[in-house]
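Asks: can't give you the sequence, but here's the structure:
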């Protein structure tokens, strides 16, 4: 190869030596080629324009420090000096960042004195933020409490929610100075943690910083702050829940409350946070979708049936709203399995005494409500003999919730006044505190009631059976009595109203299909909406509230109906209504009155509400086309459906319709397994709907042939009786029975035909199976013969291999003998060679001696 290259180079040099002009031309062409390549590469670098330098994202008047060049060094320096800081990572082109900018400015104006607000452009390619962080979405909010952080906020970027999150980070611990504040702190339905640290001995106890860090760890794990942390510094207050110094108490409602085991676990912030989340009890959970693409709702709905409650929510409110208290009361009683067992087992508790107060009902002159206070003996320091009720001047509205829930049947008929249920008491646990519990008892007034009886007194608890108490409170412990366990979720109705509308809030278009009761608007006057979603069964149910019932009563009935073995609820169907701009109609009402009416549509658009009236019209053949807006094949078939509708426009007995199954829920019996699909509902025989064969192409001739083949005719119609002849008498009865018998005979004939077809198909299948069995037997025999042949060949090959092995062994032995003989011969040759050399050497010595002798003689 090298020789050929050298020869070719020599020839080229020889030609160039003979023709110098050719050499100069080649050099010139090479130089021009190098210059062209260099010029092209230099221009290619300038094709992409340099990015414009970033500009300020936030207004200069806003109390937000904007690092629009992505300077993370300055951000870290300012953050280290601030007590609490918020960092807002954004991209200037992101629409979500632009929408969150105004919300963050509002929060910054309110909390500028407490929090340092920083904004970083994390999209500038030359900035340090872009090089250090790899964010997959914007915006991102990080909170830092001194050196602890980051605490990421993953909720909706709305000013009240962001401000609530910041306030929780600023005050991770709630100071509880008195027993009343401790009682109020533990009365909420959310998990609560209390830590006791005495500040007398030292300015700051050693475990306090660890406890504070655990509260911040909980916020990092759950940014909503569902688990709230409180701190007690007074020993007298801590004795109410038997707390010792530097101990952590986890309040639980359904199980025994726990104290952090310092002997078993290390007293660190991570260990405390992990212990709290492992042992806490949650009955309600707020879902706060961030407003962007998220799997939050899907992750929760896949766990099982869920009760979604859309409530008006103010995240900056001082306490829970009345609606939230009602929902929390229902959720707590639903999960109170221990209380349900206690109601059924405490039959011998008549000896216990309650402190009761009789309160007359304002709207009844024959009944009164007894509100009783039962103290819990499990609380240290509490006494069963203590009986105290708030006066009207101090807290007269405390007893109003119990009076309102006392006589729930006061609106019934007068005959129910003397019913025995009036003497039964209902346990209404509206206060979740471990210190006490109220119970309301509806009783009938006695004719001679002494004035002393209306005051506070101590009365024995009337004996009542567990079954009777369970009737008064039907959902107490229902979670442990049914296999259809519900999870309670809360959503802000203002932020998630689109989801509520998709579930059926607002105009109820599917109510005429399955239910006649209920109002048209499922959203009540208080702005709440409730629905049960069962993702596994692909059904959901909507709560239809009565105007006279409270939210808690409606929820109890709704949950009991869902948990029944044979549910009384009907599947809610959601569909798009045919609304052609109600606002535009009100604006241009005069123009429409003068304009001619619009021409009729060729293809009827079917929705959930209009499905039954259109498709089940007994006097028309309805060809229904199932489609979705995302189906490409459905769009291809639109012109064929239009041509078919134009051909059948003059025929009033055939209706061409279509339904968007992605936006309109239909009953299960009318659903299809794929789109596009075409079904024909013939007149007079709607129960014999026919599906267009999948193997046939959907063309205009095939559709016409399909309609003509399966369309209904007059012979299938049960001829209706005229209105004049529908007088009551034996003739009408016989006529009705005759029509029923005729219909049954027709059904039997069709069943016989189907049965004969099935038998013929079974006979054909049996025959085919016999043929297959015979062919399989023949194949089995052939395989058996081939197996024998292969075994014979295997044995023959084994014999041949054995012979070859023996021959190879013989050759190996012979070669070994030859090698031994060769070695012997080599040894003999060496010995002969040595002798010859010795002989030559002796001869040489003799010759030398002779020469010496001759030399001496001469």
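Replies: Looks like it arrived, so ask away. For clarity, every value in this text was computed on a predicted model and none was experimentally measured.

Asks: tell me the phi and psi of the residue most central in space within the chain?
Replies: Closest to where the C-alpha atoms of the chain average out (Cα atoms, centre = their mean) is residue 298, at 1.5 Å. In terms of degrees, to the nearest 10, the main-chain angles of residue 298 are phi -70, psi -40.

Asks: tell me the contacts of it?
Replies: By Cβ atoms under 8 Å, 6 or more residues apart in numbering, the contact set of residue 298 is empty. To be clear about C-beta, it is placed using only N, CA and C from the backbone, and glycine gets the same treatment.

Asks: State the pLDDT value of it.
Replies: At residue 298, the pLDDT value in this model is 88.

Asks: So it versus residue 325, what's the distance?
Replies: 30 Å (Cβ to Cβ, to the nearest Å).

Asks: list the helices and strands the lengthiest helix in the chain packs on?
Replies: Criterion DSSP state H: the longest helix present in the chain is helix 730-857. If contacts are counted by 3 or more Cβ pairs under 8 Å, 6 or more residues apart in numbering; DSSP states H and E, helix 730-857 sits against no helix or strand.

Asks: Let's test this: mean pLDDT of it, rounded?
Replies: Average pLDDT, helix 730-857: 87.

Asks: Check stretch 210-230 too.
Replies: 92.

Asks: what's around residue 179, how many residues?
Replies: 18 (other Cβ atoms under 10 Å).

Asks: That one and residue 240 touch, don't they?
Replies: Yes. In terms of Cβ atoms under 8 Å, residue 179 counts as a neighbour of residue 240; the distance is 5.5 Å.

Asks: Assign a three-state SS to residue 86, would you?
Replies: strand (DSSP: H, G, I helix; E, B strand; the rest coil).

Asks: what residue ranges in the stretch 151-300 of the chain are flagged as low confidence?
Replies: Filtered on pLDDT under 70, the stretch 151-300 of the chain yields the residue ranges 201-203.

Asks: hey, where'd the helices end up in it?
Replies: Assigned by DSSP state H, counting those that start in this stretch, the stretch 151-300 of the chain shows helices spanning 159-170, 179-186, 206-221, 235-238, 269-279, 296-301.

Asks: who touches the fourth one?
Replies: Taking contacts as Cβ under 8 Å, 6+ apart, the residues outside helix 235-238 that touch it are 176-179, 182, 196, 198, 232, 244-245.

Asks: Looking at these, spot the one nearest residue 544.
Replies: The shortest approach to residue 544 among the contacts of helix 235-238 belongs to residue 182, at 41.2 Å (Cβ to Cβ).

Asks: how about that closest one, what does it touch?
Replies: Going by Cβ under 8 Å, 6+ apart, residue 182 touches 176, 194, 230, 232, 237, 240-241.

Asks: Could you dump the residues you listed into JSON lines and include distance to residue 687 and neighbour count?
Replies: Listed next are the contacts of residue 182 as JSON lines, based on distance: Cβ to Cβ, whole Å; neighbours: other Cβ atoms under 10 Å:
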{"residue": "176", "distance to residue 687": "69", "neighbour count": "23"}
{"residue": "194", "distance to residue 687": "66", "neighbour count": "26"}
{"residue": "230", "distance to residue 687": "65", "neighbour count": "20"}
{"residue": "232", "distance to residue 687": "71", "neighbour count": "26"}
{"residue": "237", "distance to residue 687": "73", "neighbour count": "20"}
{"residue": "240", "distance to residue 687": "70", "neighbour count": "19"}
{"residue": "241", "distance to residue 687": "67", "neighbour count": "21"}
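
Asks: which one of those is nearest residue 494?
Replies: Among the contacts of residue 182, and counting by Cβ to Cβ, the member closest to residue 494 is residue 230, at 29.7 Å.

Asks: remind me which residues of the stretch 401-550 of the chain are low pLDDT?
Replies: Judged by pLDDT under 70, the stretches of the stretch 401-550 of the chain that qualify are 401-473, 507-525.

Asks: hmm, try it at 90
Replies: 401-485, 497-528, 535-539, 544-550 (pLDDT under 90).

Asks: And the helices of the stretch 151-300 of the chain: which comes nearest residue 546?
Replies: Residue 546 lies closest, by Cβ to Cβ, to one member of the helices of the stretch 151-300 of the chain: helix 296-301, at 27.6 Å.

Asks: And the next helix or strand after that closest one, what does it pack against?
Replies: Using DSSP states H and E, the next helix or strand after helix 296-301 towards the C-terminus is strand 306-311. Here strand 306-311 touches helix 322-335, strand 487-492, helix 497-503, strand 529-534, going by 3+ Cβ pairs under 8 Å, 6+ apart.

Asks: Strand 306-311: partners in the sheet, and parallel or antiparallel?
Replies: Applying DSSP bridges, strand 306-311 is found paired with strand 487-492 (parallel), strand 529-534 (antiparallel).

Asks: List the buried residues in the last one.
Replies: Looking back up the chat, that one is strand 529-534. For strand 529-534, burial by neighbour count (16 or more other Cβ atoms under 10 Å) applies to 529-534.
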